[in-house]
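Novice: No letters, just coordinates:
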């Protein structure tokens with residue numbers, strides 16, 4: 001499955017059936033806190049993390065934090 005998150009795709013929350021909105025979200029991993037712009041449901045606050053981000057940038061950050 002090859003999905004891309006771009007501005008033409010409208011992502012919907014499966015639970016609330018509301019369109020996800022791009023918002024700053026606080027992310028915590030190990031002892032680090034980060035603020036990242038992600039798609040978030042305005043109703044239930046569920047956050048969508050796409051495959052590219054999860055297997056790309058987040059994986060890089062995870063490895064660098066674990067190496068410290």
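Specialist: Sure thing, it's come through. Bear in mind the structure is a predicted one, so any value in this text is a computation, not a measurement.
Novice: Tell me the bridge partners for residue 25.
Specialist: Residue 25 forms beta bridges with residue 36, as assigned by DSSP bridges.
Novice: That one touches residue 36, doesn't it?
Specialist: Yes - counting by CB atoms under 8 Å, residue 25 does reach residue 36; the two are 5.7 Å apart. No exception for glycine: its C-beta is placed from N, CA and C like everyone else's.
Novice: Might one say that residue 43 is in contact with residue 14?
Specialist: No - using CB under 8 Å as the test, residue 43 is too far from residue 14 to be in contact (11.5 Å).
Novice: so where's this protein shaky on pLDDT?
Specialist: Scanning the chain with the threshold set as pLDDT under 70 gives 1-7, 58, 65, 68.
Novice: Tell me how many other residues crowd residue 39.
Specialist: 19 (other CB atoms under 10 Å).
Novice: Tell me if I'm right that it and residue 11 touch.
Specialist: Yes - counting by CB under 8 Å, residue 11 is a contact partner of residue 39 at 5.4 Å.
Novice: Tell me which stretches of this protein form strands.
Specialist: 21-29, 32-40, 47-48 (DSSP state E).
Novice: where does the shortest one sit relative to the chain's centre, distance-wise?
Specialist: It stands for strand 47-48. Put simply, strand 47-48 sits 5 Å off its chain's centre (CA atoms, centre = their mean, to the nearest Å).
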